[in-house]
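Enquirer: Give the three-dimensional model of this entry:
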Amino acid sequence: MPAILSPQDYDRWLSDEPDPRELLRPFPAEPMTMWPVSTRVNTPKNDDPDILTPVVDADTTWPPDGNSA
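Expert: Numbers count the residues shown, from 1 in each chain. Predicted coordinates for the structure are as follows:
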């Protein structure tokens, strides 16, 4: 899982500080959005913006609120 930081933490994360470990905390689900994408994302050679295009025939009933949690 990648590290997801709040904008106010960017400077500290990128600084010379030796151990900003407490910035690695669970990120709240509310500001995140999830949508189905093509299986093309599974191959690094597919390096184009179209891999982020939502899949047209995806099941739109899950997740019901648009969040992953």
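Enquirer: what about this structure, any weak spots by pLDDT?
Expert: Scanning the chain for pLDDT under 70 picks out 1, 57-69.
Enquirer: ok, 80 please
Expert: Flagging of the chain using pLDDT under 80 yields the residue ranges 1-2, 56-69.
Enquirer: so how many other residues sit close to T39?
Expert: The number of residues packed near T39 is 9, by other Cβ atoms under 10 Å. For every residue, glycine as well, the C-beta is placed using N, CA and C.
Enquirer: all helices of this structure, in order?
Expert: Listed from the start of the chain, the chain has helices (DSSP state H) covering 10-14.
Enquirer: Other residues contacting stretch 13-20?
Expert: Outside stretch 13-20, the residues that touch it by Cβ atoms under 8 Å, 6 or more residues apart in numbering are A3, L5, D9, R12, L23.
Enquirer: Look up how far M32 lies from the second one.
Expert: Distance from L5 to M32, counting by Cβ to Cβ, to the nearest Å: 13 Å.
Enquirer: Of these two, which one has the most company?
Expert: Higher neighbour count among L5 and M32: L5, with 16 against 12, using other Cβ under 10 Å.
Enquirer: Distance of the more buried one relative to P20?
Expert: If you go by Cβ to Cβ, the gap between L5 and P20 works out to 9 Å.
Enquirer: Also Y10?
Expert: Applying Cβ to Cβ, one obtains 11 Å for the distance of Y10 from P20.
Enquirer: got the contact list for K45?
Expert: With the criterion set at Cβ under 8 Å, 6+ apart, K45 makes contact with nothing.
Enquirer: for it, phi and psi?
Expert: When quoted as degrees, to the nearest 10, the phi and psi of K45 stand at phi -70, psi -20.
Enquirer: heads up, I number from 24, so please use that
Expert: Okay, residue one is now 24; in that scheme the one you just asked about reads as K68.
Enquirer: any idea how far P77 is from R63?
Expert: With Cβ to Cβ as the criterion, R63 and P77 are 13 Å apart.
Enquirer: No further questions, thank you.
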